[in-house]
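**Student:** Structure for this input, please:
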Amino acid sequence: MSASVSRAAFLRHWQALPDMAAKGRCDPFVVDQRLALYKSLMAQTGRAAITGNDDERHIFWGHGFQLYWQSQSGRLGAEAGIIDPSAWWGMMNFSLSVIPYLGAVEAGTAKALSFVPPAAGAGGVFDLSEDIPAVWQPMIEAWAAWFSFLAREAQADDLDALCHRAWHAHLVCIEEAGRLFTPAFADLPACERDFALGWTRMVDFFGAAARPTDLAALEGIDARPLPPFILDDEAAVCRLPAASATPTGAIMALGTMPQKAFDKQNRFWRRAMRRRAMRDQSADILAALFTPPLPLSMRLKLLFAAWRP
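**Tutor:** The predicted model follows:
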C-alpha cells in the first residue's frame with residue numbers, strides 16, 4: 001500500500017481537521033471538510049461508556065478512512081482535495097457522510113450546519129441550501145433512528161446490537177443511493193465498475209456479520225490494501241501492488257457474479273450469521289473470503305451455521 005493511503009497517514013491527517021460544528025458551515029465537496037464532518041459527528045454523538053473516552057469505538061472511523069482512501073486513490077475527481085459532484089464514489093459517500101450527519105441533527109444529537117451546494121448547475125439533490133430533497137429522507141430517518149438508539153438505549157455490553165443497527169442504516173443508504181446514482185455508475189470504466197459493484201455487495205456481508213468499523217478495525221488494513229488508483233482498464237488491474245491484487249480480485253469477482261447467484265450466496269451468508277457466536281468469528285472468515293481460497297474448516301463451519309434450524 002502506498003504510504004499516502006496507510007492507516008498512519010490517515011490518522012496524522014485526521015489530527016489536523018477543523019471542528020465543523022464550531023464553523024457552523026460545511027462545504028461537503030471539499031475533501032477535508034467532508035472528513036471533518038465525520039470528526040465533528042463523532043465528537044458530538046459519542047458516549048464514553050459506549051464509544052470510548054476518545055471515541056475510539058465510534059463506528060465512523062471506518063467511514064472516514066474509506067473517504068480518505070477514495071480521495072488519495074483519485075476516485076473523487078481529478079482535482080486534488082475537491083470532490084467532483086459527478087464522481088460516483090463521491091456521490092455514494094455523500095449518502096454516508098452528510099446524510100448521517102443530518103440524521104444526527106434530526107435525532108437531536110448534533111448541531112445543525114449549513115451545507116454549501118456544489119458549483120452552479122451541479123446542485124440537484126446535493127443542494128441542501130433550501131429544503132432537503134425528498135430522496136434523502138428514508139436515509140436520514142434510518143440514521144436518525146440509529147443516533148437515537150446510541151444516545152438513549154445502547155448498552156456498553158451490547159456493541160453487537162449497535163453495529164447491527166448501524167449496518168442497517170448503512171445498507172439503506174447503499175441501496176437508495178445506488179438506485180439514485182445508476183447513471184454515474186454506468187459511466188465508470190468496466191473494471192472499476194466491477195470493483196465498485198463488488199464493493200457494494202461486500203457491504204451486505206459486513207452488515208450481516210455486524211462487523212465493527214471503529215478505530216481498532218483499521219488495525220492491519222495496510223496488510224490488505226485497497227487499490228491505490230482507479231481500475232480504468234485491464235492493464236491497471238495488472239499494475240496493482242501484490243498485496244492488494246488478491247483482495248481486489250476477490251471483490252471484482254463478487255461484482256461480476258450474476259445477480260441471482262449473488263442473491264443466493266447472500267441468503268446463505270445471512271443465515272450463517274444469524275447467531276452471535278458466528279458473528280464473533282466473522283472477522284477471520286471475511287478475511288479468508290477476500291484472500292481466497294477459503295479453508296475447508298471455515299466452509300464446513302459456515303455450512304453448519306447456515307443449515308442448522
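**Student:** Contacts only, for the nearest residue to residue 45 once chain neighbours are set aside.
**Tutor:** Nearest non-adjacent residue to residue 45, counting by Cβ to Cβ, 6 or more residues apart in numbering: residue 109, 4.8 Å away. Any C-beta I mention is one placed from the backbone N, CA and C, and that applies to glycine too. For residue 109, the contacting residues are 44-45, 147-148, 150-151, by Cβ atoms under 8 Å, 6 or more residues apart in numbering.
**Student:** and those as JSON lines, adding pLDDT and distance to residue 134?
**Tutor:** Listed next are these as JSON lines, based on pLDDT from 0 to 100; distance: Cβ to Cβ, whole Å:
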{"residue": "44", "pLDDT": "97", "distance to residue 134": "26"}
{"residue": "45", "pLDDT": "98", "distance to residue 134": "25"}
{"residue": "147", "pLDDT": "98", "distance to residue 134": "21"}
{"residue": "148", "pLDDT": "98", "distance to residue 134": "21"}
{"residue": "150", "pLDDT": "97", "distance to residue 134": "26"}
{"residue": "151", "pLDDT": "96", "distance to residue 134": "26"}
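**Student:** Specify which member of those is nearest to residue 277.
**Tutor:** The nearest member of the contacts of residue 109 to residue 277, counting by Cβ to Cβ, is residue 150 at 24.6 Å.
**Student:** Next, name the residue at the spatial heart of the chain.
**Tutor:** Nearest residue to the geometric centre of the chain (Cα atoms, centre = their mean): residue 63, 4.8 Å.
**Student:** that's a helix at that residue, yeah?
**Tutor:** Yes. Assignment of residue 63 by DSSP: H, G, I helix; E, B strand; the rest coil places it within a helix.
**Student:** Point out where the stretch 101-250 of the chain drops to low pLDDT.
**Tutor:** Low-confidence segments of the stretch 101-250 of the chain (pLDDT under 70): 120-122.
**Student:** In it, mark out all the strands, start to finish.
**Tutor:** 114-115 (DSSP state E, counting those that start in this stretch).
**Student:** helices or strands next to the top helix by length along the chain in the packing?
**Tutor:** Ranked by residue count under DSSP state H, the longest helix found in the chain is helix 159-180. Packed against helix 159-180 by the contact rule (3 or more Cβ pairs under 8 Å, 6 or more residues apart in numbering; DSSP states H and E) you find helix 88-94, helix 98-106, helix 137-152, helix 190-209.
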